[in-house]
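A.B. asks: any chance you could fold what I've pasted below:
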Amino acid sequence: MLDFNTVWFITGCSSGIGKSLASTIHAAGHKIVATARNIDTLSYLPDEANVLKLSLDVTSREAILESLSATVAQFGRLDVVINNAGYALMGDTEAIPESDARLQMETLFWGPVLITQEAVRIFREVNPAGKGGTIVQVFSIGGYLTFPGSSFYHAGKFALGGFTQSFAKEVDPSWGIKFLVVAPGGIQTNFGSNVHLEHRHPAYNTLTSPFNQLVQYMMKPSCARDLFSARSMC
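C.D. replies: Residues are numbered from 1 along each chain as shown. Now for the predicted structure:
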């Protein structure tokens with residue numbers, strides 16, 4: 001059972017699931033390291049000893065290592081990591097520039113990978129022997145099912161799931177390290193503001209294309225409650 005000395009490290013805390021988690025964890029009296037690209041978005045958390053607010057770009061290895069190092073320096077340990085930061089890149093796959101596709105994969109896959117690798121080292125080498133820790137990957141229904149127009153989003157989520165399941169089978173049980181993959185379905189958040197909808201290809205931009213039909217469906221007011229909603233997809 002978690003105690004009040006538990007140290008949580010969460011990415012993507014500016015809004016949505018990350019903000020809700022950070023607020024709930026802080027209210028419960030735990031130690032919280034809340035991160036976001038823009039540290040000003042973390043002002044909802046108070047400035048106090050149990051709260052560490054950090055600016056973090058999850059596509060930067062240097063920033064990741066610095067953030068986790070700052071966590072250990074502040075609290076002396078790390079117990080739970082929640083990889084939550086992300087956005088969705090939507091468009092016709094043939095039209096999406098390689099640079100945009102790579103940034104999507106850096107955010108959804110390589111960022112969590114690097115955070116997970118360093119967190120496991122801390123769990124094993126910094127925390128008390130056998131105490132370990134927990135890695136939580138905020139996955140998505142988009143890591144199990146696919147929709148048109150989101151190929152690189154799905155690629156990132158599918159890759160993260162495979163990575164986590166394999167890595168979990170490698171660690172020695174005596175280290176006390178656990179992995180949890182959380183795959184939300186429809187959750188009404190402002191995730192839609194983090195959906196990048198662009199990159200149309202004339203061959204696919206037709207009235208009957210599956211992607212256009214999905215976009216039209218997403219624009220319906222009732223869609224916010226539906227599984228396929230841009231506001232719901234995490």
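A.B. asks: secondary structure class for residue 8?
C.D. replies: Following DSSP: H, G, I helix; E, B strand; the rest coil, the label given to residue 8 is strand.
A.B. asks: return the residues in contact with it.
C.D. replies: 25, 30, 31, 32, 33, 79, 80, 81, 82 (CB atoms under 8 Å, 6 or more residues apart in numbering). For every residue, glycine as well, the C-beta is placed using N, CA and C.
A.B. asks: which members of the residues you listed are positioned in helices?
C.D. replies: residue 25 (DSSP state H).
A.B. asks: what would the contacts of residue 8 look like in CSV with distance to residue 133 and pLDDT?
C.D. replies: Shown next, in CSV, are those (distance: CB to CB, whole Å; pLDDT from 0 to 100):
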residue, distance to residue 133, pLDDT
25, 15, 96
30, 14, 96
31, 13, 97
32, 15, 98
33, 13, 98
79, 5, 97
80, 6, 98
81, 7, 98
82, 11, 98
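A.B. asks: is it true that residue 68 lies in a helix?
C.D. replies: Yes - judged by three-state DSSP, residue 68 forms part of a helix.
A.B. asks: show me where pLDDT drops low in this structure?
C.D. replies: Counting by pLDDT under 70, the ranges of the chain that qualify are 1-4, 185-198, 211-234.
A.B. asks: and the helices in it?
C.D. replies: 16-27, 61-75, 98-105, 111-125, 151-170, 210-218.
A.B. asks: roughly how far is the third one from the heart of the chain?
C.D. replies: The chain centroid and the centroid of helix 98-105 are separated by 16 Å under CA atoms, centre = their mean, to the nearest Å.
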